[in-house]
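# Got a predicted model here, sequence first, then my questions.
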Amino acid sequence: MKNASFQGSRMYDSTFINTCLIEANFSDTDLKGTLFRHCDLSKSNFCGALNYVIDPLVNKVKKAQFSFPEVVGLLKGFDIEVV
């Protein structure tokens with residue numbers, strides 16, 4: 001699914017496992033309940049995306065783009081508090 005575009009979509013409770021999503025466009029996409037597991041998200045665009053939880057320890061996120069404040073979704077798996 002390299003270069004796939006999901007821009008502006010609502011992807012509720014979707015599952016991506018062992019998926020190549022290099023340079024995918026998730027900008028302005030609502031990803032509520034979506035699971036990313038062992039995916040290559042390198043150079044993907046998550047700017048403006050909402051409700052995502054991506055564990056950078058089990059997914060490749062090199063040079064992926066994220067916007068603030070939603071980028072804190074990358075920290076959910078670390079059991080820390082952001083204040």
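Noted; the coordinates are in hand.
# Let me see the ranges of the strands in this protein.
Using DSSP state E, the strands of the chain run over 15-17, 35-37.
# Minimum distance to Lys60: which of those strands has it?
strand 35-37 (10.2 Å; Cβ to Cβ). To be clear about C-beta, it is placed using only N, CA and C from the backbone, and glycine gets the same treatment.
# Residues contacting the closest one, please?
Around strand 35-37, the neighbours that count as contacts under Cβ atoms under 8 Å, 6 or more residues apart in numbering are 14-19, 52, 54-55, 58-59.
# Which positions in that strand come out as buried?
Phe36 (16 or more other Cβ atoms under 10 Å).
# Within the sheet, what are the partner strands of it, with directions?
Strand pairing for strand 35-37, using DSSP bridges, gives strand 15-17 (parallel).
# ok now the strand it pairs with, how far from the chain's centre?
From the chain centre to the centre of strand 15-17 is a distance of 11 Å (Cα atoms, centre = their mean, to the nearest Å).
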